[in-house]
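Novice: After the sequence you'll find the predicted model.
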Amino acid sequence: MYTNSPKMPELSEIQRAYEEIHDSIHVTPLLRSQTFSEMSGAHVYLKAENLQRAGSFKVRGATYKISRLSESERHKGVVAVSMGNHAQAVALAARSLGVQATIVMPEQAPLVKVMATRGYGAKVILHGATFKDAHEYALEFEARTGATLLHSFEDYDLITGQGTLGLEILEQFPDVEAIVVPIGGGGLISGVALAVKALRPDVRIIGVQAKGADAAKQSLQAGHIVVQSNVKTIADGICINAPGELTFAIMRKYVDEVVTVDDEEIMSAILLLLERSKLQVEAAGASGLAALLHPGLLDVAGKKVALVLTGGNIDTNVIGNFISHGLLVQGRITILRTFIEDRPGELKRLLTVIADQGANVRELNYCPTMQALPEQHIEVTLTLDTRDHEHIAQLLDTLHDRGYTASTVQVQPKPTPIVQ
């Protein structure tokens, strides 16, 4: 049983943090979504932290943390270990406050993230094959230089800074009834919960995790911190194997509920945000919408709900794959596998049936089958534009009626590799 009671930031400290960092951050918009309101039955507002400086909420906590350093500490600089939003936030916050930032990344860090972090003014050191290697080097760097090591979520001042997001939501949406926040290590939801519950204890604070990285939910259910040996999700921003002691204590006291969503739901949410709201949101940031649209997962029908879109730093190398898979999840693309006889006119006959059902062929693969079928048969795999899952079912029924053995091919999303 968890018995520690670490000191938690108070409302007055979060309010002071907001005054301290207000001129260094954007007051991000709170956007009402008619589409998502109709889809969910709730009154939905999107807190667009994907439009924040450096592309995520992280700059709030990083700015406040660095602002709290003494002159001596500032002179020695700061160091952090990250390949994502934390790296860019620390780099930008440090530059705005005139502090040298060093970011340690594993050697296999994507070049785009290295360049983005350097672009915000930080010195980037590539070291080791894993995050553990990079973290050990950062500890050595801290000991050697006296630089302050900035944790990505388990830090009192950083949590205080993240809490400013909660104050901002209440200013923009005073009658909000529920706030949905993605959870990785728990720094953001801890700060938001502390601020909101102090002013509006009736507001429900709901956390969302990916099913492949749900250590916070498991920890809250167990009553103690659970460390996952393996985490796997496309949502790299919330792919954390354990909450911190402070964040766990805060979540345990102030978070009302934590739910999980799968990667396919997250990818569908990314696509919906792009199409319906014209917002580019990373996988972690889209997880709240995924939870809202999962039938029966959240009890918020008729309620005023704020969804925190935590960041927009989605890797352009993978966004195309996410969109394609999101279309698959929604039934707007399907991959169909069937067999035809190897003789003139059979492919045309198949394509005519498909066209008559209103499906459009994107891609076609046509090759001799390697299965135990008569030699004169050919396997055909088609990628089709379809309307929805009902349309796909109608197409399959028609093909079966015409004598085809047809089935859809399931494609699994590829999680972002997280090397720890």
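Specialist: That came in fine, so what should we check first? Numbers count the residues shown, from 1 in each chain.
Novice: which residues touch the helix or strand bottoming out on mean pLDDT in the chain?
Specialist: Least confident helix or strand of the chain, by mean pLDDT, DSSP states H and E, is helix 316-329 with a mean of 79. For helix 316-329, the surrounding residues in contact (C-beta atoms under 8 Å, 6 or more residues apart in numbering) are 110, 112, 234, 264-265, 267-272, 274, 280, 283, 314, 333-335, 411, 413-414, 416. Bear in mind the C-beta positions are built from the backbone N, C-alpha and C, glycine included.
Novice: Can you tell me what sits against the helix or strand hosting Lys253?
Specialist: Taking DSSP states H and E as the definition, Lys253 sits inside helix 245-254. For helix 245-254, the surrounding residues in contact (C-beta under 8 Å, 6+ apart) are 2, 4-6, 8, 153-156, 159, 183, 185-187, 189-190, 193-194, 197, 205, 207, 216, 219-220, 225, 243, 258.
Novice: if we can go back for a sec, show me what counts as buried in the least confident helix or strand of the chain.
Specialist: Across helix 316-329, burial judged by 16 or more other C-beta atoms under 10 Å covers Val318, Ile319, Phe322, Ile323, Ser324, His325, Gly326, Leu327, Leu328, Val329.
Novice: Same check on stretch 274-291?
Specialist: Per 16+ other C-beta under 10 Å, stretch 274-291 contains these buried residues: 274, 277, 279-291.
Novice: from those, which is closest to Thr405?
Specialist: Using C-beta to C-beta, Ala290 comes nearest to Thr405 of the buried residues of stretch 274-291, at 34.3 Å.
Novice: any idea which helix or strand carries the closest one?
Specialist: Using DSSP H and E, Ala290 maps to helix 283-293.
Novice: I'd like to know which elements that helix is packed against.
Specialist: helix 34-40, strand 178-182, strand 204-210, strand 257-261, helix 263-276, strand 304-309 (3 or more C-beta pairs under 8 Å, 6 or more residues apart in numbering; DSSP states H and E).
Novice: Repeat the analysis, applying 10 Å as the threshold.
Specialist: Packing partners of helix 283-293 (3 or more C-beta pairs under 10 Å, 6 or more residues apart in numbering; DSSP states H and E): helix 34-40, strand 43-48, strand 178-182, strand 204-210, strand 257-261, helix 263-276, strand 304-309, helix 316-329.
Novice: between it and helix 316-329, how many degrees?
Specialist: Angle of helix 283-293 versus helix 316-329, following axes from the mean of the first three to the mean of the last three C-alpha atoms, to 10 degrees, is 20 degrees.
Novice: where's the residue positioned nearest the centre of the chain relative to Ala216, distance?
Specialist: The centroid of the chain falls nearest to Ala284 when counting by C-alpha atoms, centre = their mean (0.7 Å). As defined by C-beta to C-beta, to the nearest Å, Ala284 lies at a distance of 13 Å from Ala216.
Novice: residues shared between the contacts of these two?
Specialist: Ile183, Gly184, Val208, Gln209, Ile238 (C-beta atoms under 10 Å, 6 or more residues apart in numbering).
Novice: pLDDT on stretch 296-308, on average?
Specialist: Taken as a whole, stretch 296-308 has an average pLDDT of 97.
Novice: and that stretch, how far apart are its ends?
Specialist: Taking C-alpha to C-alpha, to the nearest Å, stretch 296-308 runs 20 Å from one end to the other.
Novice: Which positions in it come out as buried?
Specialist: For stretch 296-308, by 16+ other C-beta under 10 Å, it's Leu297, Leu298, Val300, Lys303, Lys304, Val305, Ala306, Leu307, Val308.
Novice: do the same with stretch 144-154
Specialist: Buried-residue list, stretch 144-154, by 16+ other C-beta under 10 Å: Ala147, Thr148, Leu149, Leu150, His151, Ser152, Phe153, Glu154.
Novice: what about the residue lying closest to Tyr156 once chain neighbours are set aside, which SS state?
Specialist: Leaving aside its chain neighbours, Tyr156 sits nearest to Pro9 (6.3 Å; criterion: C-beta to C-beta, 6 or more residues apart in numbering). Three-state call for Pro9 (DSSP: H, G, I helix; E, B strand; the rest coil): coil.
Novice: Against Lys278, how distant is Pro9?
Specialist: Taking C-beta to C-beta, one finds Pro9 at 35 Å from Lys278.
Novice: just to revisit the earlier point, would CSV of the helices and strands packed on helix 283-293 with distance to Glu142 be doable?
Specialist: Output for the helices and strands packed on helix 283-293, formatted as CSV (distance: least, C-beta to C-beta, whole Å):
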stretch, distance to Glu142
helix 34-40, 44
strand 43-48, 34
strand 178-182, 29
strand 204-210, 30
strand 257-261, 32
helix 263-276, 35
strand 304-309, 31
helix 316-329, 32
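Novice: Out of these, which is closest to Val79?
Specialist: Comparing the helices and strands packed on helix 283-293 under C-beta to C-beta, the one sitting nearest is strand 178-182, at 25.8 Å.
Novice: could you say what helices and strands that closest one packs with?
Specialist: Using 3+ C-beta pairs under 10 Å, 6+ apart, strand 178-182 sits against strand 43-48, helix 164-172, helix 187-199, strand 204-210, strand 257-261, helix 283-293, strand 304-309.
Novice: hang on, isn't Leu150 packed against Gly187?
Specialist: No. Leu150 is beyond contact range of Gly187, at 11.4 Å (criterion: C-beta atoms under 10 Å).
Novice: Between those two, which contacts overlap?
Specialist: With C-beta under 10 Å, 6+ apart, Leu150 and Gly187 have common neighbours Gly61, His86, Leu158.
Novice: For the second one, which non-adjacent residue is closest in space?
Specialist: Closest residue to His86 apart from its sequence neighbours, by C-beta to C-beta, 6+ apart: Ser152 at 4.2 Å.
Novice: what's the answer for the last one, then?
Specialist: Excluding its sequence neighbours, the residue lying closest to Leu158 (C-beta to C-beta, 6+ apart) is Gly61, at 3.8 Å.
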